[in-house]
Each structure stands twice: as structure tokens, then as C-alpha cells.
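A.B. asks: This is a predicted model, with the sequence first.
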Amino acid sequence: MSAPSPRVRFAPSPTGYLHVGGARTALFNWLFARHTGGTFILRIEDTDFERSSEEMVDGILEGMRWIGLDWDEGPFFQSQRLPLYQAAAQKLIDSGHAYPCFCTKEELEASRAESTAAMYDRRCRNLDPAESKQRRLDGQAAAIRFAVPDGSTSWNDAVFGKVEFANAELEDFVLLRSDGIPTYHLSVVVDDIDMRLTHIIRGADHISNTPKQILQYRALGVELPTFAHVPLILGPDKTRLSKRHGATSVIAYKDMGIVPEAFRNFLALLGWSPGTANKDREIFTSEDLTRLFTLDGISKSDAVFDNDKLAWFNTEYIRAYDSAKLLPLIEAEWRGAGFIPNRAPGEILAAIDLIKPRARSLKDFGDLFRAYFSDDFEYDPAAVTKFLADASLPALLQELGTRYAAAPDFTETSAEELLRAFAAEKGVKAGALINGSRVALTGQAVAPSLFAVMALLGKERVIQRLSTVDKVPQAG
RNA sequence: GGCGCCAUGGUGUAACUGGUUAACACGCCGCCCUCUCAAGGCGGAGAGUUCGGGUUCGAUCCCCGAUGGCGCUACCA
């Protein structure tokens, strides 16, 4: 019999938006599934009704779609599978692996306070089964606890190797709350079994939970899946990534003008490496990633989220993107910013091609580069100060404008020839005119080669913007 | 506190089962190019692998301890 096709899952809890760590976990599962030809399942762990919301579910799905992760099965909702967990709990009770606990919150506190290990003292574990049954029949609420056996529990983690816990460290944890709702410990195991998962790829914060789950697999007589724990992502100060460090939701990066493939590429390399053969590369397409991804490339130590590196990936992707592919992303950015371009589609694509090598974010197309898409743009005061401060410049540039108006043709080459001849004639440096013109035409000190910009904008606009250069507000 | 995990320049990673001038990328600095800024080209600083022991002819790599960080320790997930 050959090994079954891998089945993996991403199982977020909709108590918040898809955050960076969750996205990376989802990505690794997805890459693993795609690499092995396996199945990627999406499961929503919404058993905490208080904190879960439909809005968060939508947010998570949106985040996954944004980074390009599609799932083969689901989304399944645990809230709709309650009978499954209850049946499993009953099975565990029947087989002597679990028992009802009638302790109140106060009793539990007292129990933990008395115990040296600060754990529940299992006082309900040895209740007479008949008595327990009667008390439940009488309507007394009971939580179902797992009866942790003696000994120790270990497994061979695909990332961390052998991990072992003494069972004495484990409390008789709750499987089913007294209201019949399962806890995480029960529902994950039941679902992971029911969905026939072969590999559990999840955050390393679950390492300590794993023995509790393994104990249930054994009690249920089910073979263990392969566990692969993935190191966590930390903030720049090496503490757990949180709002304190800035954006933590994946969609926030979309809103910051990050291109999805850049984000995915960046994320993939956080805690994973394609190995020696590819160590000189960092840019990987989705296809590269799925081809190269294996569990043994996952590292054991936590990784720090580096915004500078993300920004670098972003510029690389924006530059490499075809303008036609970039356009929808830019249009979304424009819509968000309330900006309406005033150009023909062909001109827009040409402008994107010209300026994309200089963009660091999709946002740049909506602010820094407005002058390429509209006649309604601002002049950057710093640029004016830097290149347009000379009092003699406006008049010169206006005169240059009239020369362009009188010129028979207007191409990148002819525009440059004319300007340089004009500079020589006036005894000024061509550079001064070029830089001044750049600010007059684009509002920015940073732009592509001036004459390429002129050719793009067209003769009329160049003349227009040069003629009104004296109206440009001087800074400060 | 208890238990578990981790530890290579500022950051992400590499270094086959112990033998390398400890490599690559981001970031940083400088030079070239140049009409600005990026890009690109060239060069540079920055770790002797957290610290201390041990094993070994020889440890980033194996063992022990310490330290630090993180995680878990709920009728949250």
C-alpha cells in the first residue's frame, strides 16, 4: 500500500484578522500541499462564540485570497460540527479515558491553590460512575475532563525532532465544557482525525499542547499524524509580534501598498530556506516556492519580521511586474485614495512602465507619481527648495517652454538637444535646467530621466507646466 | 514559579554524517555611472558562531551547565 496523499489544514480562530504569523502558517501548509499534490483544507475554529465573529471569518478569507492561497476543502466551521465532538467525548468516557467533573470555579481555584503543581487535583476522577451518571441525570452541570495517564508522551516532530513531556506535567484538561461546547483540545483532535489529516503544520506555540492531543489519539486508537511545528515570528525587539510593532494584520500590508507576491515571497523565507542549491537567490515565484518547499527546510529558531526586507521585495516585484498586471493593483490603490486619473489607458500603461522602477510601494502611484496621471498634482516643497529656488530659474524655464512651443518636432532626443542648446546659449548649466524642469513637470525631485518624462507627458503638457512654473509655490 | 523549545553579523538564512579565509540576501558606508532619485557595476565595515566547561588531533556542528528569548501552564484558541 502506498502512502496516502498528504492532507493538511489551516485552522484559524476567527477572533481577529488574519495576522502575519497565521498567514505564514497557512502559506507553509499550502506550499506543502501544492508541492506534494496533497489537499489543503480550511477549517474555522469558532468554538469560542464570545470572541468569534463572522466579520473576522470574512477578514481571514480575504487575507488568504490576497496572498493567493486557495483551499481544496472547506471552509468547515466547528460551530456546525458540535455533535461530532460530543460523541467523541462520550466515547472517551465510555472507554474510561475521560470523566465528568462537577467542580465549580471556586472548587477548582481551591484545588489548584492546594496542589503543589498548581494543577487541578483530579478530585472528580474517582467518582463512582453510577453516582456521576445520576448527578448528571439530576441536571447537574459537568465538564468532561481527560484522564491523563502516568508515564510520558513523546513524538518525533518533523521540525524539532524528538520532543518529550512527562504526563505528570499535564492537567486533566477539559474536553467538553459544562455547556456541551468542546474546548480546542478536543475539537482539533476530533477534526484532524475526521478530516484524515496526515500532517499537522502549525505554530510552535502549540508544542506544549501536542502531548494532550497525542494522548487523545492513543485513547481513540488512532494513528498519529506527522507533527511539524513552525517557529514563531517576532517583532524587531524580539518579542512576540503584536500591534505594538505596527501592522500585524495581513490586510494592513495590502493597504500599505505591498504587492501580494512580494509579501508571500517574504513570508516564505521567514523560517524556511530552500537550501544550499538556491542560497544565492531570494526572489522566488509561486511556482518556484511550491517546487522547492519541503518540511526539512524549516528552521527551529524564531524569526524577526524585517520591514526593510519586505520593502525590498516589494520594489523588486513592482519593477518586475508587467504594467498590465500592475494596473489593477494600482487602480485599487487609486480608488482607495479617491484619485481619478485623467489619461487614456495606453498613456497610463506607458507611464507605469516609465516610473515603476522607482516605486517602493503601490501607494507611490497615488501620491508621488500623480503628475503622470493627472494635471492635478502637488509640488513637493522639498523638491522646490532643492531645484527651483534660484530666482532666475522660473523665467528661464518659461522661455524654454516657448522654445519647445516653437520647435518643429518634439521627441525625447529633440527635447534634449533643444534644452542643451538653450543652456549653452544662456550660459547656464544644463543640469540646472533639467532639475528645475523636472520639478516643474512632475512636482518631485525624484523622477525618471527628464526627457523620457517629457516624451511621455507630450508637448502640450510640457509647455503648459513650464509656462506656469512661476506660479509654483516657493517653500517656507 | 513549573515544564518545553530555541540561540550563526543589526535582520533573514547557509555552512553534506565535526576539518570552510564562516557564505548569500536585506540594511549600512564609499566609489563609478549621471539630469534627480532609484536601479546597475565595483569595493567596504559588520559574526569567529550567547557564555563557560567537556569529548576530540580538530567543534557553528556532539555532551553538560549557565544566561537570554520565546511558548505552554483556562470550562481561550
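C.D. replies: Received the coordinates, thanks.
A.B. asks: And the residue of the stretch 351-476 of chain A that's closest to RNA strand B?
C.D. replies: A:Ser449 (3.2 Å; C-beta to the nearest atom of the strand). Just so you know, the C-beta spots here come from the backbone N, C-alpha and C atoms, and that holds for glycine as well.
A.B. asks: What is the burial count for that residue?
C.D. replies: 13 (other C-beta atoms under 10 Å).
A.B. asks: distance of it from A:Ala371?
C.D. replies: A:Ser449 sits at a distance of 15 Å from A:Ala371 (criterion: C-beta to C-beta, to the nearest Å).
A.B. asks: those strands in the stretch 51-200 of chain A, which residues are they?
C.D. replies: Listed from the start of the chain, the stretch 51-200 of chain A has strands (DSSP state E, counting those that start in this stretch) covering A:73-77, A:98-101, A:143-146, A:152-157, A:161-166, A:174-176, A:199-203.
A.B. asks: what does the stretch 51-200 of chain A put close to RNA strand B?
C.D. replies: Contact residues (C-beta under 7 Å from any atom of the strand) of the stretch 51-200 of chain A with RNA strand B: A:51, A:101-105, A:108, A:112, A:117-120, A:141-143, A:160-161, A:163-166, A:169, A:171, A:173-174, A:177-179, A:181-185, A:187.
A.B. asks: Phi first, then psi, for A:Arg9.
C.D. replies: phi -150, psi 160 (degrees, to the nearest 10).
A.B. asks: what sits against it?
C.D. replies: A:Arg9 is in contact with A:29, A:40-43, A:74, A:192, A:195, A:197, A:200, counting by C-beta atoms under 8 Å, 6 or more residues apart in numbering.
A.B. asks: Lowest pLDDT pick from those?
C.D. replies: Of all these, A:Gly74 carries the smallest pLDDT score, 84.
A.B. asks: re earlier: for A:Ala391, state which of the contacts of A:Arg9 is nearest.
C.D. replies: Closest approach between those and A:Ala391, by C-beta to C-beta: A:Asn29, at 63.8 Å.
A.B. asks: what about that closest one, how many neighbours?
C.D. replies: The tally of other residues near A:Asn29 (other C-beta under 10 Å) stands at 27.
A.B. asks: helix or strand for it, which one?
C.D. replies: In this structure, A:Asn29 sits in helix A:20-36 according to DSSP states H and E.
A.B. asks: what is the orientation angle of that helix with strand A:199-203?
C.D. replies: Computed by axes from the mean of the first three to the mean of the last three C-alpha atoms, to 10 degrees, the angle separating helix A:20-36 from strand A:199-203 equals 160 degrees.
A.B. asks: pull the CA atoms of the following helix or strand past helix A:20-36 into CSV?
C.D. replies: Using DSSP H and E, the helix or strand that follows helix A:20-36 in sequence is strand A:39-44. The C-alpha atoms that make up strand A:39-44 are tabulated as CSV, following Å, rounded to 0.1, in the frame of the first residue of the first chain:
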residue,chain,number,x,y,z
THR,A,39,-5.1,18.5,-0.2
PHE,A,40,-5.3,21.8,1.7
ILE,A,41,-8.2,22.2,4.0
LEU,A,42,-9.5,25.4,5.6
ARG,A,43,-11.2,25.0,9.0
ILE,A,44,-12.6,27.7,11.1
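A.B. asks: what sits against the spatially most central residue of chain A?
C.D. replies: In chain A, the residue lying closest to the centroid (C-alpha atoms, centre = their mean) is A:Val250, at 3.7 Å. When contacts are counted by C-beta under 8 Å, 6+ apart, A:Val250 is found next to A:17-20, A:22-23, A:63, A:66-67, A:263.
A.B. asks: Setting the sequence-adjacent residues aside, check what's closest to it.
C.D. replies: A:Gly63 (4.1 Å; C-beta to C-beta, 6 or more residues apart in numbering).
A.B. asks: Assess the claim that that neighbour and A:Ser249 are in contact.
C.D. replies: Yes. Contact criterion C-beta atoms under 8 Å: A:Gly63 and A:Ser249 qualify, at 7.3 Å.
A.B. asks: which residues in the stretch 251-400 of chain A form helices?
C.D. replies: Listed in chain order, the helices of the stretch 251-400 of chain A (DSSP state H, counting those that start in this stretch) span A:260-268, A:286-292, A:307-320, A:323-337, A:345-355, A:381-387, A:393-406.
A.B. asks: Give me whichever of those helices is most buried.
C.D. replies: Mean neighbour count (mean count of other C-beta atoms under 10 Å) peaks for helix A:260-268 among the helices of the stretch 251-400 of chain A, with a mean of 23.
A.B. asks: so it versus helix A:20-36, what angle?
C.D. replies: 90 degrees.
A.B. asks: Mark which of the residues of the stretch 51-200 of chain A next to RNA strand B are part of helices, please.
C.D. replies: Among these, the members falling in helices (DSSP state H) are A:105, A:108, A:112, A:184-185, A:187.
A.B. asks: Buried subset of those residues as a PyMOL selection?
C.D. replies: The buried residues among these can be selected in PyMOL (16 or more other C-beta atoms under 10 Å) with this line:
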select buried, chain A and resi 184+185+187
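A.B. asks: re earlier: would you list the contacts of A:Val250 in CSV and tack on distance to A:Lys243 and pLDDT?
C.D. replies: Formatted as CSV, the contacts of A:Val250 follow (distance: C-beta to C-beta, whole Å; pLDDT from 0 to 100):
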residue, distance to A:Lys243, pLDDT
A:Tyr17, 11, 92
A:Leu18, 14, 94
A:His19, 10, 94
A:Val20, 11, 95
A:Gly22, 14, 95
A:Ala23, 16, 96
A:Gly63, 16, 96
A:Trp66, 19, 96
A:Ile67, 20, 95
A:Phe263, 18, 97
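A.B. asks: Which one of those residues sits in the busiest neighbourhood?
C.D. replies: Counting neighbours by other C-beta under 10 Å, A:Ala23 comes out on top of the contacts of A:Val250 with 27 neighbours.
A.B. asks: That one reaches A:Ala268, doesn't it?
C.D. replies: No. Assessed by C-beta under 8 Å, A:Ala23 is found out of contact with A:Ala268, at 10.6 Å.
A.B. asks: isn't A:Gly74 right up against A:Glu45?
C.D. replies: No. Using C-beta under 8 Å, A:Gly74 makes no contact with A:Glu45, being 11.5 Å away.
A.B. asks: more neighbours, those two?
C.D. replies: A side-by-side neighbour count of A:Gly74 and A:Glu45, using other C-beta under 10 Å, places A:Glu45 first with 19 against 15.
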